[in-house]
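Student: What shape does this take:
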Amino acid sequence: MFYEEEAQEDRRCIRNSQLSVSFIILRILQLIIGFITLVLTGYIITVFNGDTFHSFALTFISFTWTFSFMIYIFVTPLWLPTFYHLWTHLGLEIVAFSLWLSDFSLLSWEIMLGDGTLAVYSLGLDPTLAASAAQPSTKVAVRCGKAAAVLTLLNWILLATTVIISGECST
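Tutor: Numbers count the residues shown, from 1 in each chain. The predicted model follows:
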């Protein structure tokens, strides 16, 4: 009996916090930023002919996890409240939090390598490499990688904010 009352209180708390306008805006921003990051890393992979596939794959996993998680936290408390559990919500959100952090670190590492590669290629030691580094699409791809890294950091910060908001219901 006590467990059922506690579960109902958790559902009520999370439902109230999830229905607030600021919370919904944060969640929509997370999805939009995740999708933009996915598109940017997709562009990078096409320019570099698949050399950066692992960053695209991790971004795809992060976005897919976040999207599935959003479906869970918006559908279950409102329409399937018996399937909602606060600790499951927090666990899924912490996994999303960790995925976006690892995505940020991977993109930062690749952009560092991309900038170094462009600098070495532009020295003109090998004419073919210098020509490929001089192409506008290569420079745009490196800039897109920088933008994707910044957006993953922003998404990570937004997830940290929503973890704190969601965690307040558990105390």
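Student: From now on I want contacts and neighbour counts done on CA atoms only, so please keep to that.
Tutor: Fine.
Student: Tell me which residues of the helix or strand where residue 143 lies come out buried.
Tutor: In this structure, residue 143 sits in helix 136-167 according to DSSP states H and E. Under the neighbour-count criterion of 16 or more other C-alpha atoms under 10 Å, helix 136-167 has 138-139, 141-160, 162-163, 166 buried.
Student: Could you find the closest non-adjacent residue to the residue positioned nearest the centre of the chain?
Tutor: The centroid of the chain falls nearest to residue 100 when counting by C-alpha atoms, centre = their mean (4.3 Å). Spatial nearest neighbour of residue 100, chain neighbours left out: residue 156 (5.6 Å); criterion: C-alpha to C-alpha, 6 or more residues apart in numbering.
Student: Also residue 155?
Tutor: Nearest non-adjacent residue to residue 155, counting by C-alpha to C-alpha, 6+ apart: residue 30, 5.7 Å away.
Student: That neighbour contacts residue 157, correct?
Tutor: No. The pair residue 30 and residue 157 fails to qualify as a contact (C-alpha atoms under 8 Å) at a distance of 9.7 Å.
Student: ok, back up a step: could you pull up the contacting residues of the residue nearest to residue 155?
Tutor: Taking C-alpha atoms under 8 Å, 6 or more residues apart in numbering, we find residue 30 in contact with 155, 158-159.
Student: what bits of this protein have low per-residue confidence?
Tutor: Within the chain, the stretches with pLDDT under 70 are 1-19, 51-52, 114-134, 167-171.
Student: where exactly do the helices run in it?
Tutor: 2-18, 21-47, 53-79, 86-122, 127-134, 136-167 (DSSP state H).
Student: Which strands or helices does the last one pack on?
Tutor: Put plainly, it is helix 136-167. Counting contacts by 3 or more C-alpha pairs under 8 Å, 6 or more residues apart in numbering; DSSP states H and E, helix 136-167 is packed against helix 2-18, helix 21-47, helix 86-122.
Student: let's see it at 7 Å
Tutor: helix 21-47, helix 86-122 (3 or more C-alpha pairs under 7 Å, 6 or more residues apart in numbering; DSSP states H and E).
Student: Would you mind telling me which of those helices is nearest residue 61?
Tutor: When the helices and strands packed on helix 136-167 are compared by C-alpha to C-alpha, helix 86-122 sits nearest residue 61, at 8.0 Å.
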